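Visitor: next come a sequence and a model predicted from it.
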Amino acid sequence: MSLNKIIFSAVFLFSCALTAAPAQFDQLVQQIESGQRYFFSLADYKAALAELEAALPPDDVQRQHRLDRLRCQLGYSGDPTAGLAYSDTKIAHAKQRNDQAALADYYMCRFYLFSQAGDSNLAEQSAQLAHQAAKASENPLSIAVSLALLGDLASYTGNYADAMQHYTTAYQLQRGLGYKPYISDLVLSIAATYRRMGLYQDALSYIEQAEQEFSADSEQFRHALIMHEKAYSHAELGQYNKALALFMQSMQVYQQIQEPLWQSYTKVNLVWIYNLLQQYPQAMALAQEAQAELAVLNAPDLSTLASYKGLLAMYNGETLNALQQPQAALQRFDEAQQYLSAENNPRYMLMLYAARAPAEAAAGNYQQAYGLLTQFITQNKAQQQRAREQQSNILRFQFDSDRQLERTRQLEGEKKLAEQHVSTLQLAQRWQYAALSLIALLFVILFSFAISLKKRNRKLHRLAMTDELTNIANRRRIMMQAEQERVKALDTAQPLCFLILDLDHFKQVNDKYGHDVGDTVLQQMCMTVSAMLRAQDHFGRTGGEEFLIVLPDTDKEAAFVIAERLRQAVADIQFADTPKKMRVTCSIGFSQYRAEEALNVSLARADDALYQAKAAGRDQTHFKD
């Protein structure tokens, strides 16, 4: 689940505003709500609950309700069965009062309690109910936390598009509320989701954002979590020594703050890294330490304990097989199967199939080894297909989010300009002296001249680089942008695609309806395409009815999705001020840039693909490898 589950937060337990008195009780609540107070042990929970009980004013019904909602987790973190019984009673009372905020709090409490009890299905149901109640209460804190929980569940089970949508909405809410610790947790959750999708560079960029925002010495625990997540990405990229160093650094932090749970979990991850480095004696010794510690762990949140026991058994099985002990390895793999099969995590099962197959073969069980490899290949192929679909869904969500964000920024800019204008007028009314008026007038004249000169220079530059009819980049500018993106892709090894779009039978439009109608068709088509592209994409007219679209950081699968969406959008345009029922289609050819390839070679392949689309009947998208 999410990395922040160890740091208990009661932010979601309150839906009404804090009052000013009594100060001691409210101050304790604020410390918990803002994430300033960490909980590393059951004793920490009990101490916080005792402080709240002692500070509770007598006969204060409102604060008593707050304390009851806090008690659900502070009092039952080590006893989920008793906590679930307590929450049942409180949920019944909240339903009688129609208190949606309280219902959201208690359902979220049940999510954590069911997670500790190992019942993932009921935990997920509780998270869904919590989100429904949070929306009904219209409390942004509860909504943000419930969305984060749903994002954790979706990310863990491979529903990455849903996870990113939940995380993004929760991130925006937390940004507005200003709770930095929870913003950090969301950034790390987004990074973990990108890592699970195999987008390791995206994951590392989000981790760098978390490092920049949370640099205070007091954030030791979160620094350790950041190093932990960063180590995963480096390990997946094959940078095992970097991953080892990061895990070691995080281990030192956990030891300093006396956090035994994450010390043990880090040892499990170090067994994995030592196996990758083929340092099997170190892996074996550390596995024995971790196994002994996991067997006696007693922490507030043990919801991920089964996962780590399963992973440790799997890694230890790999170590034993590498040390030519296949029978002992198979016993450990059996143990891993018991833990991981209940986790509903497809990635873990793929890892187990790949790890166990060599041990079965070493033990002479070739049929079993073949069956495991077959399962791995089949499910890995399905997982990769699902990941591609999820990436397309995320891309679609990002398109919609970027467009909405751009509209919001535009409205904010207009509002700011209006406010500045009003402020200037008010200031001008106070000028009473002729000398100041003359100075102001001179300033305005000079300023106007400078602005006019600047606008003229900008206009000249724009005219030199912009197509006069469609107001998009002309051939010179789009080719410059394409070359810049080619150099960038060569340096960063990121994918890059080129789309050549050509309107079908456009000459017939000019011949039949006239060039004015043709110009209108070109203008409306360009506005439609421009509105659907991302901020980093480039769109330009290379001549007549032919256009070039440059898609940075986009592979051929995603480029095909974008091209098809553009092609359909062009076909659906209802052209204004043109003859009725006029329909214009386009053909698209595209290619993906190859390392060290000249720009004209990439564009030639895209052009060949366009001719294939035309020859196949038009209104199609073709790719040339």
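Guide: Everything's here; your move. Source: prediction; values computed, not measured.

Visitor: output the below-cut-off pLDDT ranges for the stretch 301-450 of the chain.
Guide: Within the stretch 301-450 of the chain, the segments meeting pLDDT under 70 span 301-303, 343-344, 383-384, 386-415, 418-419, 421-437, 440, 448-450.

Visitor: ranges for the helices of it?
Guide: Assigned by DSSP state H, counting those that start in this stretch, the helices in the stretch 301-450 of the chain fall at 305-322, 326-340, 346-362, 366-429, 434-465.

Visitor: and the third one with helix 326-340, angle?
Guide: This means helix 346-362. Helix 346-362 and helix 326-340 are oriented at 160 degrees to each other (axes from the mean of the first three to the mean of the last three C-alpha atoms, to 10 degrees).

Visitor: now for helix 346-362, which elements pack on it?
Guide: In this structure, helix 346-362 makes packing contacts with helix 305-322, helix 326-340, helix 366-429, judged by 3 or more C-beta pairs under 8 Å, 6 or more residues apart in numbering; DSSP states H and E. Glycine gets a C-beta too; all of them are placed from N, C-alpha and C.

Visitor: I'd say Tyr106 and Ala92 touch.
Guide: No: using C-beta atoms under 8 Å, Tyr106 is not in contact with Ala92; the gap is 9.9 Å.

Visitor: pick out whichever of these two has more residues nearby.
Guide: It is Tyr106, of Tyr106 and Ala92, that has more neighbours when counted by other C-beta atoms under 10 Å, with 27 against 10.

Visitor: give me the angle between the helix or strand harbouring that one and helix 305-322.
Guide: Assessed by DSSP states H and E, Tyr106 sits inside helix 100-117. With the same axes, to 10 degrees defining the directions, helix 100-117 sits at 30 degrees from helix 305-322.

Visitor: please write out the alpha-carbon positions of helix 100-117 in CSV.
Guide: This file holds the C-alpha atoms of helix 100-117, laid out as CSV (Å, rounded to 0.1, in the frame of the first residue of the first chain):
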residue,chain,number,x,y,z
GLN,A,100,-21.6,12.4,6.7
ALA,A,101,-18.3,13.8,7.9
ALA,A,102,-18.3,11.4,10.9
LEU,A,103,-19.2,8.5,8.5
ALA,A,104,-16.3,9.3,6.3
ASP,A,105,-13.9,9.3,9.3
TYR,A,106,-15.1,6.0,10.7
TYR,A,107,-15.1,4.3,7.3
MET,A,108,-11.5,5.4,6.7
CYS,A,109,-10.7,4.1,10.2
ARG,A,110,-12.2,0.7,9.1
PHE,A,111,-10.0,0.8,6.0
TYR,A,112,-6.9,0.8,8.2
LEU,A,113,-8.3,-1.7,10.6
PHE,A,114,-9.2,-4.2,7.9
SER,A,115,-5.8,-3.6,6.3
GLN,A,116,-4.1,-4.6,9.6
ALA,A,117,-6.4,-7.6,9.8
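
Visitor: what packs against that helix?
Guide: Under the contact criterion of 3+ C-beta pairs under 8 Å, 6+ apart, helix 100-117 touches helix 61-74, helix 80-97, helix 120-137, helix 140-156.

Visitor: mind giving me the packing neighbours of the shortest one?
Guide: Which is helix 61-74. Looks like helix 61-74 contacts helix 23-33, helix 42-55, helix 80-97, helix 100-117 (3+ C-beta pairs under 8 Å, 6+ apart).

Visitor: done for today, thanks.
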